[in-house]
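>>> output the structure for:
(chains A and B)
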Amino acid sequence: MTEIGSTPMAVEVEYGKPVPAPDEASRPFFEGTLRGEIMLQRCRACGFWMWPVRVRCIDCFSDDLTWDAASGMGTLYSFTIVHQVVHSGFANDVPYNVAMVDLREGVRIVASVTAAAADLRIGMPLLAAFDHITDTVALPRFRPATTGS
Amino acid sequence: MIGLLINGNLSPEMEPNLQLSLGFHDLTLLNTMSAYGSTPATMLQYAAAAIAEGQVDVVVLLYADAPLQPQGSAGGSYATQLPPEGMNGLPNAYGFYGANPGYAMATRRHMHLYGTTSEQLGAIAVSQRRWALMNEKAQMRKPLTLEDHQQSRFITEPLHLFDCCLVSNGAIALVVTSPERARHLRQPPVYVLGVGQAAPGDSHRSDREPLVHTGAKAAGQQALRTAGVQLEDIDVLELYDCYTYTVLVTLEDYGFCAKGEGGAFVEDGKLGPGGALPTNTGGGQLSSFYMWGFTPLSEGVIQARGQGGLRQVDEHDLVLVSGNGGYLNYHSTVILSPHVP
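Numbering: from 1, shown residues only, chains lettered A, B, ... in the order given. Predicted structure coming up:
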């Protein structure tokens, strides 16, 4: 089976973990994270926000979609502490957390939290921060927010 | 007139051209069907309808896979495909691989909402291992204690090793035909009394919670209504068990206990041999073998026929079988009986 970390892209050799490849449909999201914003698709007809990319509004089925900046505020819906190494790029990171975050906009996204496992609490308020994993790609990672607003 | 329905999985061989590899000629029904672990119920519905319409006399339902290869690890078997493009590549970028983290987060959410404990989940694993000890086809034949479960390594917290299903190479085929024809065949017939399906939908909107409120509720009600039976009448359960949590949340959503009470419900071992609610009587996917929806369905047929040998449940008039797929996105229910409906 092909080992993903062995692909000969210079950027992957340096970083060692998979780097998302922005495509046409997701470009606004990845441009946003480089600026320090979580850009999400939003329905112009009903205002519904979405994650990840959809072709129509998943609430009212309108195809009139745009991209808007989310607040970056959310709460921790759930999390797991990963111990198993599936991709060799994470071998030095285990145990690490993967989280689902409920954004204030009503969207539940996959991300991670920059906090120790012992400090993670479901429902805790979170604020988006951005991890520039390469020169061209940044990932949202959340940090505990000091207030609940 | 013979038909072949193939359970689509991650194997490229499980396509309609499997017919050619097997040398089958002149089929009158052929398809690959795929709703992940909930597929067999869909196949049964389609096969039954085609038989009733006279399009086909016999339909073979087939699952086969060989994810375990000499070079690979079991943990990586379903998790090392190339990363998807665009935002769909985000989970891998965070180190989210395969199904384990998603089910771990579902489990953690349930623990948070209802106080479910790892020991309660362990009781499910222990009960099923007791069944597996009586199944000569089971991969896991050593006794398992709650302490073993608790001390097993974390795969992804809160899931221990023994909360997670096996990875298996193998195949299962089921033969579906009309009741009239089945009566004259070598094996005792098992009747399909009812089928239900439910797919609750998108997990990425915070006004819904399909990780805790699964499709089992709607699918179960539909299957019971079709069969004309009550939940209390069910003698044997064969529940899809990719993880211990899947069993627990399915019991709740079927209504065997209230939402949130699954932990307390299973911790006395009532799912095991001699218990009040015999469940996953071959050891399930946690302890016997992982053949997606075909593990619970095939064991349901074996129990309904009374061919379970050492593990046969005395009362087996009604057997309820569940299927589940995705991150609890797809659910199916089948009710089987050895008696003519």
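
>>> going forward, measure contacts between C-alpha atoms and count neighbours the same way
Fine.

>>> and B:Leu113, how many neighbours does it have?
Using other C-alpha atoms under 10 Å in any protein chain shown as the criterion, B:Leu113 is surrounded by 11 other residues.

>>> which element, helix or strand, includes it?
helix B:100-114 (DSSP states H and E).

>>> can whichever helix or strand comes after that helix be found next to chain A?
Heading C-terminal from helix B:100-114, the first helix or strand you meet, by DSSP H and E, is helix B:118-132. No: using C-alpha under 8 Å from any C-alpha of the partner chain, helix B:118-132 stays clear of chain A, coming no nearer than 13.7 Å.

>>> mind listing what the residue positioned nearest the centre of chain B touches?
With distances taken as C-alpha atoms, centre = their mean, the residue of chain B nearest its centroid is B:Tyr240 (2.7 Å). Remark: with contacts taken as C-alpha atoms under 8 Å, 6 or more residues apart in numbering or on different chains, B:Tyr240 is in contact with B:37, B:246-247, B:284-285, B:292-293, B:295-296, B:321-324.

>>> of these, closest to chain A?
Nearest to chain A out of the contacts of B:Tyr240 is B:Thr246 (C-alpha to the nearest C-alpha; 16.4 Å).

>>> for the residue nearest to the spatial centre of chain A, give me its contacts.
Centrality entry for chain A: nearest residue to the mean C-alpha point is A:Ala111, 4.1 Å, by C-alpha atoms, centre = their mean. Contact analysis of A:Ala111 by C-alpha under 8 Å, 6+ apart lists A:98-101, A:140-142, B:90-91, B:94.

>>> next, the spatially closest residue to A:Ala99 that is not a sequence neighbour: secondary structure please.
With C-alpha to C-alpha, 6 or more residues apart in numbering or on different chains as the criterion, A:Ala99 has its nearest non-adjacent residue at 4.1 Å, and that residue is A:Phe79. Classification of A:Phe79 by DSSP: H, G, I helix; E, B strand; the rest coil places it in strand.

>>> quick one: the helix or strand where B:Asp148 lies to chain centroid distance?
When secondary structure is defined using DSSP H and E, the element that contains B:Asp148 is helix B:146-151. Average the C-alpha atoms of helix B:146-151, do the same for its chain, and the two points are 24 Å apart (C-alpha atoms, centre = their mean, to the nearest Å).

>>> give the buried residues for the helix holding B:Leu113.
Of the residues in helix B:100-114, those scored as buried under the neighbour-count criterion (16 or more other C-alpha atoms under 10 Å in any protein chain shown) are B:100-112.

>>> tell me what that helix is packed against?
Taking 3 or more C-alpha pairs under 8 Å, 6 or more residues apart in numbering or on different chains; DSSP states H and E as the contact definition, the neighbouring helices and strands of helix B:100-114 are strand A:73-82, strand A:96-103, strand B:154-157.

>>> and the angle for the second one with helix B:100-114?
Direction vectors for strand A:96-103 and helix B:100-114, defined by axes from the mean of the first three to the mean of the last three C-alpha atoms, to 10 degrees, enclose an angle of 60 degrees.

>>> contact residues of the stretch 201-341 of chain B facing chain A?
Within the stretch 201-341 of chain B, the positions adjacent to chain A are B:203-207 by C-alpha under 8 Å from any C-alpha.

>>> could you flag which of those residues are buried?
Buried members of these, scored by 16+ other C-alpha under 10 Å, are B:203-206.

>>> in JSON lines, list these along with pLDDT.
Rendered in JSON lines, the data for those read as follows (pLDDT from 0 to 100):
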{"residue": "B:Ser203", "pLDDT": "84"}
{"residue": "B:His204", "pLDDT": "93"}
{"residue": "B:Arg205", "pLDDT": "93"}
{"residue": "B:Ser206", "pLDDT": "94"}
